[in-house]
Every structure is written in structure tokens, then in C-alpha cells.
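Student: Kindly return the folded structure for what I paste below:
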Amino acid sequence: MALAFKTSLEEHSMPQFTADEMIAFLVDAEWDDRNNRRISRRIRNARFRYKVNLEQIDFTVERNLDRNVMNRLGECSFIDKHENVLISGSTGIGKSCIASALGNQACMLGYKVYYASTAKLFSLLKIAKADGSYIKEIARIEKQDLLILDDFGMQPFDNHSRSALIEIIEDRHGKHSTIITSQLPVKQWHEVIGEQTIADAVLDRIVHNAHRIELSGESLRKRQHSNLDLN
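Tutor: Numbers count the residues shown, from 1 in each chain. Next up is the predicted model:
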């Protein structure tokens, strides 16, 4: 409020306001500043892989990505409904960018988001199990309105990872939303998870109420490198 007041003095806009209007202006300025700081803090805490928003998603490249679907997901009503989003496709097709853009939009709308590479997350949880911070980490993940698990299935799950995965999914089921990206089609996730009982339980909880985005086409990274070579 003090900064807004000082700025108004420097710009000589004070005479344009009545006393009531000046108070309203200062309150609005304070609210906007606090809200912007909250958004910045959420984005910083989410630790997205890519700093990208929905407006930067490229729909000109043919990869089976529907603009209308993305716009609906961008409203983030799926988070209010505790629904999931599953994004699959070959490497370089833009899965992580799409997930990061949806996460960024969620932060803008006031949701708490946590992004993680799946393999790194479960490695950290294994370390947390050893140093006694596991319960704290699991509780932190559970509190997030939206969890993004990127590159799911890049490595087969061992017993510890399977145990942590079912615990996370069970804690979030019906309470919060999860976005999962994977190079593998969903039908192959059962094999990657491994143990049949746990795989059945995990997939039952994440697939039945999920929005599916199945990308196809040429790698965007390969296309970008080709364009650089041509230039």
C-alpha cells in the first residue's frame, strides 16, 4: 500500500481520487501484490520442469492435442472434482510441457501443486525412509491439490517404490488430483508397476476417473533441431 501511495504521488494522480477512491485504490493494490506473491510462491514451491503456461502450448504441430480439451482442463475444474489426467506419448512430444502448463495454471488459480520426476521422487522417498523423514514427506505430498508425476514408468518399480506408490495414490484417491505423464501407453503400466495386486489397486484408483491425452507424431525436440540445422 505504501508503494502504491508513493507511486501515485510521483505520477501526480492523487488529485484524480476522492478520499474513498484513494482508499479503494490502495486496498486493491495491496490485494494484487499479496496475490501475486502467493502465486509466485506456489510456482516456486511446485518446482516445475518447464516454465510454461497454457498460452505457450503449440497447437500448430499435429500431435493429437485438442485445443478445446486443453482449455477445459485449464479451467482446473478437474481438480475440484478430484479427477486425474493421464498424458502418454513418445519421447520429445511435449508431455512434460503440457503437464507443467496445467500445473502453472493451477497455481495461478490458487491450488497447491507439486511436480516431480517419478524416478527421483521415489529415490528421495527411499532416502527419507532411512533417515526417518518418510512420514513427513508423504504427508506433504498428500496435502497438494495437484500432484504431477512426470516420466512415469521410465524405470521398473521395486518393492519400496511400489509400496510408496500405492500409499500416495490411496491417500489422494477421491481427495486430490494427479497428473501422470509417461512414454508408455496406459495398458503397459500394469507391467511396469509389477506386482499384480498393487498394480490392480493403483490403476483402479487413477484410471477410471481420468482424462486421457494420448499424443502422437514426431518428436518436437527433433523438429526444433532440424529447423536449427536448416537455418
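Student: Flag the shaky bits of this structure, pLDDT-wise.
Tutor: For the chain, applying pLDDT under 70 flags the ranges 8-15, 221-231.
Student: So which bits of the longest helix seen in the chain are buried?
Tutor: In the chain, assigned by DSSP state H, the helix with the most residues is helix 19-46. Buried residues in helix 19-46, counted by 16 or more other CB atoms under 10 Å: 22, 25-26, 29, 42-43, 46. Where C-beta positions appear, they are placed from N, C-alpha and C, glycine not excepted.
Student: by contact count, what packs against the following helix or strand past it?
Tutor: Scanning forward in sequence from helix 19-46 by DSSP states H and E, the next helix or strand is helix 67-74. Helix 67-74 is packed against helix 95-108, strand 210-214, with contacts defined by 3 or more CB pairs under 8 Å, 6 or more residues apart in numbering; DSSP states H and E.
Student: Next, format the ones you listed as a markdown table and append distance to Ile141.
Tutor: What follows is the helices and strands packed on helix 67-74, written out as a markdown table (distance: least, CB to CB, whole Å):
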| stretch | distance to Ile141 |
| --- | --- |
| helix 95-108 | 14 |
| strand 210-214 | 19 |
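Student: tell me the most buried of those?
Tutor: Comparing the helices and strands packed on helix 67-74 by mean neighbour count (mean count of other CB atoms under 10 Å), helix 95-108 comes out on top with a mean of 24.
Student: Alright, that wraps it up for me.
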